[in-house]
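*Asks:* no sequence for this one, just the structure:
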């Protein structure tokens, strides 16, 4: 029996240990990679020599030598790829929305040189052992190649467990080519083919005429094929695959965690203005945490990224869609990329004005993202001047955003009367008793005490809606969703009428904008504008002459400089703007029944004429 048990245990141990060793070396500082690669290359040539020398050795010793050399020859392929020396011409994530054959082509580009190196090495192995009785080394290399190709295609097509924690930081771009899926059509074929080969190898190992060499050799190969089957099932079943090589990940740096602040709010509430002020205050204070802003516009041509750039924080634009819909699957990848590229301490997320805030919080609370976040803080910005109008048209949307906030920022508070301010606060308190309500003007947050109090009935309602004093004792700064504090779960947020851990894999084809019947239009302003003509057009747009415009924002050249213009809350505004270098003048509109055929010509008619200069 030792002719079967010992080779199986040997194959199992060498496979497990060599895989872990490669991951351990890959987690060391990059300055060590050249030394590791040099050692692997020496072992590669040694394995070639061993394969050729053992090709005519039909003893038990020859079987062990050939199997070990086949594993060493394969190990070079793994080290050269995972250390980034032999990968492919593409070292960037696949673009958002890319799919089909184009997506497959991009995936091939990420490892093209790696695959060619495997083919070249395989040809050398075959040539060195050609004609020899001992082909165990060659078949070891081929079985490992089969394991590699099959697993690679399955994770591309979709598996349940992606095991992304094994990817080193310098290969994070590969995440965009991994697909999370309950099953793919290739998986049962891979399992079936592997099991058929496994059965044939076991039969050969236990054949009556098998020699000690044959028994050991076929045992090596059948064990590898068994591991191939196990590796595939680890991609599908809820098994702790990472526990097998936990020791190999100790060489990696601890996972960097960040503070995330979500600045949500309906279209035109002033989210970007609030963000600009927060960043400006940090800059004026002489520093603060390193900050990256993720900006998500509903329309294809984002504007907010330009308005925030140059303010003291790195800006990453995620245009064209609601962040919780189009970016749900990629949000973890985006955060990891941002952390790797910018090393921020704080990430500010501005979702589009029609985003489903509950969905976004649920995504941020999923395990693969939650491990990167030590604090989640949610702010909802509301337009005090148009609150009654907005609440009357879409109460569910406003209520949902109010319930989920740690802070409620009443922007444009100067546009609301004292009675309206008290009424707004009463309404918000009925939705969220523990959130901090902060008034703001032009995005500058004031103290909560700046909110006026009325005597009589309205004030009594406000007072009745206030929680007991002790309820705020431990929550003076809002109810942050602390992902790093072990005591965070001792104080559940009863005021949040949602479940952060609810299943958020429901179909999002409805798109939140379409629920509100919103559509978007974007255009480029190729020529400088006449400010008066532009203002007159904005007034006409606000009056409904081109459809029901809910929100419009843009930047344009005018008077030798730049202006930014808005329609928000039923109000038109224009102001000077310091445009970043190489900026593009553009405009986006969001609303209902937009007359897209007339919009671009109307903005083109705002172009400044030569007579304007005179």
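*Replies:* Ah, there it is. Note that the structure is a prediction, hence the values are computed from the model and not measured. Numbering: from 1, shown residues only.
*Asks:* only C-alpha atoms for contact and neighbour calcs from this point on.
*Replies:* Fine.
*Asks:* in the stretch 251-400 of the chain, where is pLDDT below threshold?
*Replies:* Applying pLDDT under 70 to the stretch 251-400 of the chain picks out residues 253-256, 283-288, 296-333, 340, 353-355, 367-368.
*Asks:* where along it do the helices fall?
*Replies:* Residue ranges of the helices in the stretch 251-400 of the chain, as given by DSSP state H, counting those that start in this stretch, are 271-284, 304-308, 323-326, 331-342, 357-364, 367-370, 387-393, 395-403.
*Asks:* ok, the spatially closest residue to residue 372 that is not a sequence neighbour - how many residues close by?
*Replies:* Setting aside the residues directly before and after it, residue 372 is nearest to residue 257 in space (Cα to Cα, 6 or more residues apart in numbering), at 4.5 Å. Residue 257 has 21 neighbours, counted by other Cα atoms under 10 Å.
*Asks:* in what helix or strand does residue 146 lie?
*Replies:* Here residue 146, judged by DSSP states H and E, is contained in helix 136-157.
*Asks:* for that helix, buried residues please.
*Replies:* For helix 136-157, the neighbour count (16 or more other Cα atoms under 10 Å) marks 136-147, 150-151, 153-157 as buried.
*Asks:* give the next helix or strand downstream of it.
*Replies:* Using DSSP H and E, the helix or strand that follows helix 136-157 towards the C-terminus is helix 186-205.
*Asks:* averaged pLDDT, that following helix. What do you get?
*Replies:* For helix 186-205, the per-residue pLDDT values average out at 95.
*Asks:* so which elements touch it?
*Replies:* Helix 186-205 makes packing contacts with helix 136-157, helix 212-234 when contacts are defined by 3 or more Cα pairs under 8 Å, 6 or more residues apart in numbering; DSSP states H and E.
*Asks:* still on that earlier bit, surely the residue nearest to residue 372 meets residue 369?
*Replies:* No - contact criterion Cα atoms under 8 Å: residue 257 and residue 369 do not qualify, at 9.8 Å.
*Asks:* quick revisit: save the helices of the stretch 251-400 of the chain as JSON lines, and put in mean neighbour count and distance to residue 523 too.
*Replies:* Shown next, in JSON lines, are the helices of the stretch 251-400 of the chain (neighbours: other Cα atoms under 10 Å; distance: least, Cα to Cα, whole Å):
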{"stretch": "helix 271-284", "mean neighbour count": "18", "distance to residue 523": "20"}
{"stretch": "helix 304-308", "mean neighbour count": "20", "distance to residue 523": "15"}
{"stretch": "helix 323-326", "mean neighbour count": "23", "distance to residue 523": "22"}
{"stretch": "helix 331-342", "mean neighbour count": "18", "distance to residue 523": "27"}
{"stretch": "helix 357-364", "mean neighbour count": "22", "distance to residue 523": "28"}
{"stretch": "helix 367-370", "mean neighbour count": "15", "distance to residue 523": "35"}
{"stretch": "helix 387-393", "mean neighbour count": "15", "distance to residue 523": "26"}
{"stretch": "helix 395-403", "mean neighbour count": "19", "distance to residue 523": "28"}
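*Asks:* can you redo the ones you listed as JSON lines with distance to residue 293?
*Replies:* As requested, those are exported to JSON lines (distance: least, Cα to Cα, whole Å):
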{"stretch": "helix 271-284", "distance to residue 293": "9"}
{"stretch": "helix 304-308", "distance to residue 293": "8"}
{"stretch": "helix 323-326", "distance to residue 293": "13"}
{"stretch": "helix 331-342", "distance to residue 293": "10"}
{"stretch": "helix 357-364", "distance to residue 293": "16"}
{"stretch": "helix 367-370", "distance to residue 293": "17"}
{"stretch": "helix 387-393", "distance to residue 293": "26"}
{"stretch": "helix 395-403", "distance to residue 293": "20"}
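*Asks:* mind checking which of these is nearest residue 50?
*Replies:* Using Cα to Cα as the measure, helix 331-342 is the one of the helices of the stretch 251-400 of the chain that comes nearest residue 50, at 41.3 Å.
*Asks:* quote the end-to-end distance of stretch 386-402.
*Replies:* Start-to-end span of stretch 386-402 (Cα to Cα, to the nearest Å) is 15 Å.
*Asks:* what part of this structure, helix or strand, is modelled with the least confidence?
*Replies:* When the helices and strands of the chain are scored by mean pLDDT, DSSP states H and E, helix 457-465 comes last with a mean of 36.
*Asks:* hmm, back to that, would you turn the helices and strands packed on helix 186-205 into CSV with distance to residue 5 and mean pLDDT?
*Replies:* Below are the helices and strands packed on helix 186-205 laid out as CSV (distance: least, Cα to Cα, whole Å; pLDDT from 0 to 100):
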stretch, distance to residue 5, mean pLDDT
helix 136-157, 17, 95
helix 212-234, 8, 94
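*Asks:* reformat the ones you listed as TSV; add distance to residue 426.
*Replies:* Listed next are the helices and strands packed on helix 186-205 as TSV, based on distance: least, Cα to Cα, whole Å:
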stretch	distance to residue 426
helix 136-157	52
helix 212-234	53
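*Asks:* residue 60 is nearest to which of the ones you listed?
*Replies:* Per Cα to Cα, nearest to residue 60 of the helices and strands packed on helix 186-205: helix 212-234, 4.9 Å.
*Asks:* quick check: angle from the closest one to helix 136-157?
*Replies:* Inter-element angle recorded for helix 212-234 and helix 136-157: 10 degrees (by axes from the mean of the first three to the mean of the last three Cα atoms, to 10 degrees).
*Asks:* list the buried residues for helix 212-234?
*Replies:* Using 16+ other Cα under 10 Å as the burial criterion, the residues of helix 212-234 that qualify are 213-229, 232-234.
*Asks:* OK, contacts around residue 79?
*Replies:* Going by Cα atoms under 8 Å, 6 or more residues apart in numbering, residue 79 touches 22, 26, 37, 40.
*Asks:* tell me the most packed of the residues you listed, by neighbour count.
*Replies:* residue 26 (26 neighbours).
*Asks:* so that residue sits against residue 83, correct?
*Replies:* Yes - using Cα under 8 Å, residue 26 is in contact with residue 83, at 6.0 Å.
*Asks:* between those two, which contacts overlap?
*Replies:* Common neighbours of residue 26 and residue 83 (Cα under 8 Å, 6+ apart) are residue 33.
*Asks:* residue 437 sits in which helix or strand?
*Replies:* Residue-wise, residue 437 maps onto strand 436-441 under DSSP H and E.
*Asks:* in the host helix or strand of residue 573, what counts as buried?
*Replies:* Per DSSP H and E: residue 573 is located in strand 571-576. Within strand 571-576, the residues scored as buried using 16+ other Cα under 10 Å are 572, 574.
*Asks:* this completes my enquiry, with thanks.
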